[in-house]
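Chemist: sequence and predicted structure below; questions after.
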Amino acid sequence: MKSRVFFHGSLGRKELFELYNQSKIFCLPSRFEGFANVYSEAMFFRNAIVTTPSTSLRDIVLDYNCGELAEADNVELLSETLIKIINNPVLNELYATNAKDFCESNLYWDKISDKLQTEIIQRIALKKPASHSCQTIS
């Protein structure tokens, strides 16, 4: 297994996307992490996600069934989680499909911009004062 695990330093965009495309699992355990772009990029390239419950991706992993959560600082559990997915191609494919579907349903720029435009229009409409007809009294 040791010969099959690689640690990459800083990568260019093309190299990173090629790596995502070759990979089946994206693992980013963290004690605290926002919604890092690398999660959605990996999911777009059909990678199952393995991360920790303290990340903002927790609910997406659970609600959309696109990976596994492993307790932070628990190397044994992280190892078991990775091996479970590696040894179960059906589970890996399920997670990969769900990850890609989540991206296409929720992270597609046209959909995001449409929702944003609708929200802006609604908020502007709420701020407009009601039109009142003014009559001049003589």
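Modeler: Thanks, I have the structure now. All of these numbers come straight from a predicted model, not from anything done at the bench. Numbering: from 1, shown residues only.

Chemist: and the strands in this protein, which stretches?
Modeler: With DSSP state E, the ranges of strands along the chain come out as 25-28, 48-51, 67-69.

Chemist: find the nearest non-adjacent residue to the residue nearest the centre of the chain, please.
Modeler: The centroid of the chain falls nearest to S40 when counting by C-alpha atoms, centre = their mean (3.8 Å). Nearest residue to S40, sequence neighbours excluded (C-beta to C-beta, 6 or more residues apart in numbering): L107, at 5.3 Å. Placement of C-beta: from N, CA and C, glycine included.

Chemist: gap between that neighbour and Q122?
Modeler: According to C-beta to C-beta, to the nearest Å, L107 and Q122 sit 22 Å apart.

Chemist: those two: who's more crowded?
Modeler: Ranked by neighbour count (other C-beta atoms under 10 Å), L107 and Q122 place L107 first, with 14 against 9.

Chemist: helices and strands of this structure: which one bottoms out on pLDDT?
Modeler: helix 109-127 (a mean of 86; mean pLDDT, DSSP states H and E).

Chemist: check contacts around L82.
Modeler: By C-beta atoms under 8 Å, 6 or more residues apart in numbering, L82 lies in contact with 25, 27, 50.
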